[in-house]
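**Student:** Here is a sequence with its predicted model. Questions after.
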Amino acid sequence: MKAKNKKAVSYNKWGYIFLLPFLIVYVVFQLIPLAGTIYNSFFENYRSGLSQVGPNFVGLDNYVSLLSSGDLFVYFQNTMIMWIMCFVPQILVSLLLAAWFSDPQLRLKGAGFFKTVIYLPNLIMAASFAMLFFTLFSDSGPINSILVNLGILKEPFRFLTVKWSARSLVALMNFLMWFGNTTILLLAGMLGIDSSLFEAAQADGASSTQIFFKITLPLLKPILIYVMITSLIGGLQMFDVPQVLTNATGDPMRSTMTLIMYLNKHLYSKNYGMAGALSVLMFLITGVLSIVVFKFTQSKNQP
């Protein structure tokens, strides 16, 4: 017995050795910066003109200032609205495409080609995507030219100066960049479902719609939860698309200003204390929302 235990310990040692690089990277690049951010959030530390103010310990003053200003709630609302406008069509289209690609009865030709095509936008840099849309939807851009020449519009529509059109463009770009990735994830989940379940349901006379809602969706629930939480985290980190599209202004009237853009303004002005406090609040918001989504989507009969 002792020899077996020693052998098990020797094998366990290699497991810890293989985990060591991850632990080192995590501590150096995530844990230490997180601790430093939390530490800096309790200090007044900013640049005023050419002089540096601080660092002076101010306790929770930075948090009180953020929560009392009202800007945090406005930018959080903007972020969530644009994420919902992106996520709802994204999950619907991805479910539809994944169901088509995984259905053996359809026998779609060139499925591999189409999977590659819908994933390609995910490989394009978001800043490049935003510059493309900025050019397409500018006042003198191709979209306005086409609409005016077809007689649909009498004069160019200023897409970037109307609140809902600007938000819609941000949501559309994020949708185009990420629906392919979501489709691949959902497709992998559907292909992992035992085909005998579908065959049994068809033998019992179930329709395709009943099979999808009664078998496919319930078994996809773990992947759907993963997709929703990761998408939520990505939505809260929305930065590059609205930053480039609105030239870092968040216009019109701050309706496209996101939390990360707000954080970037504090970092750009070298207000490290407020930036640290905002980072900590965003960390807490992300954690709370992720737990809420997980608990809400978890079935009652699960532990």
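**Tutor:** Yep, that arrived. The model shown is predicted, which means the values in this text are computed figures rather than measured ones.
**Student:** Please count neighbours and contacts with C-alpha atoms only from this point.
**Tutor:** OK.
**Student:** So in this protein, which helix runs the longest?
**Tutor:** The single longest helix within the chain, with elements called by DSSP state H, is helix 71-102.
**Student:** And the contacts of the helix or strand following that helix?
**Tutor:** Next helix or strand after helix 71-102 toward the C-terminus (DSSP states H and E): helix 111-119. Residues outside helix 111-119 that contact it (CA atoms under 8 Å, 6 or more residues apart in numbering) are 101, 177-181, 184.
**Student:** Residue 83: which of these is nearest?
**Tutor:** Distances from residue 83 to those, taken as CA to CA, are shortest for residue 178 (11.7 Å).
**Student:** I'd like the mean pLDDT over whichever strand or helix holds that closest one, please.
**Tutor:** Following DSSP H and E, one finds residue 178 within helix 163-191. For helix 163-191, mean pLDDT rounds to 92.
**Student:** With stretch 104-123 instead?
**Tutor:** The pLDDT scores in stretch 104-123 average 81.
**Student:** what's the answer for stretch 196-210, then?
**Tutor:** Mean predicted confidence for stretch 196-210 is 85.
**Student:** same deal with stretch 260-275?
**Tutor:** Per-residue pLDDT values over stretch 260-275 give a mean of 90.
**Student:** Buried residues of it, list them for me.
**Tutor:** 260-264, 266-267, 270-275 (16 or more other CA atoms under 10 Å).
**Student:** Next: stretch 212-221.
**Tutor:** Within stretch 212-221, the residues scored as buried using 16+ other CA under 10 Å are 216, 219-221.
**Student:** Measure how far that stretch is from the centre of its chain, please.
**Tutor:** Put simply, stretch 212-221 sits 24 Å off its chain's centre (CA atoms, centre = their mean, to the nearest Å).
**Student:** Give me the contacts around it.
**Tutor:** Here stretch 212-221 makes contact (CA under 8 Å, 6+ apart) with 186, 189-190, 193, 197-198.
**Student:** quick one on the thing from earlier: out of the contacts of helix 111-119, what pair is the most spread apart?
**Tutor:** In terms of CA to CA, the contacts of helix 111-119 reach their longest pairwise distance at 101 and 177, which sit 19.4 Å apart.
**Student:** re the thing from before, I'd like the buried residues of stretch 212-221 laid out as JSON lines, including secondary structure and distance to residue 159.
**Tutor:** Formatted as JSON lines, these follow (DSSP: H, G, I helix; E, B strand; the rest coil; distance: CA to CA, whole Å):
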{"residue": "216", "secondary structure": "helix", "distance to residue 159": "40"}
{"residue": "219", "secondary structure": "helix", "distance to residue 159": "41"}
{"residue": "220", "secondary structure": "coil", "distance to residue 159": "38"}
{"residue": "221", "secondary structure": "helix", "distance to residue 159": "38"}
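**Student:** Helix or strand: which one has residue 252?
**Tutor:** Using DSSP H and E, residue 252 sits in no helix or strand.
**Student:** From residue 165, how far out is it?
**Tutor:** 10 Å (CA to CA, to the nearest Å).
**Student:** Looking at those two, which is more packed in?
**Tutor:** residue 252 (18 against 15; other CA atoms under 10 Å).
**Student:** circling back: using ChimeraX, define a selection of the buried residues within the contacts of stretch 212-221.
**Tutor:** In ChimeraX syntax, the buried subset of the contacts of stretch 212-221 is picked out as below (16+ other CA under 10 Å):
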select :186,189,190,198
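**Student:** Closest to residue 73 out of the contacts of stretch 212-221?
**Tutor:** residue 186 (32.9 Å).
**Student:** how about that closest one, what does it touch?
**Tutor:** 94-95, 98, 220, 223-224.
**Student:** Look up phi and psi at residue 47.
**Tutor:** Backbone torsions for residue 47, taken as degrees, to the nearest 10, come to phi -110, psi 130.
**Student:** Verify the contact between it and residue 270 for me.
**Tutor:** Yes: judged on CA atoms under 8 Å, residue 47 makes contact with residue 270 at a distance of 6.0 Å.
**Student:** Would you check how far apart residue 243 and residue 128 are?
**Tutor:** Taking CA to CA, one finds residue 243 at 12 Å from residue 128.
**Student:** more crowded one of the two?
**Tutor:** residue 243 (22 against 13).
**Student:** Which helix or which strand is home to the more buried one?
**Tutor:** Assigned by DSSP H and E, residue 243 falls in helix 240-245.
**Student:** Kindly reformat the contacts of helix 111-119 as TSV containing neighbour count and distance to residue 238.
**Tutor:** Output for the contacts of helix 111-119, formatted as TSV (neighbours: other CA atoms under 10 Å; distance: CA to CA, whole Å):
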residue	neighbour count	distance to residue 238
101	23	30
177	22	13
178	22	13
179	25	16
180	25	18
181	21	17
184	20	22
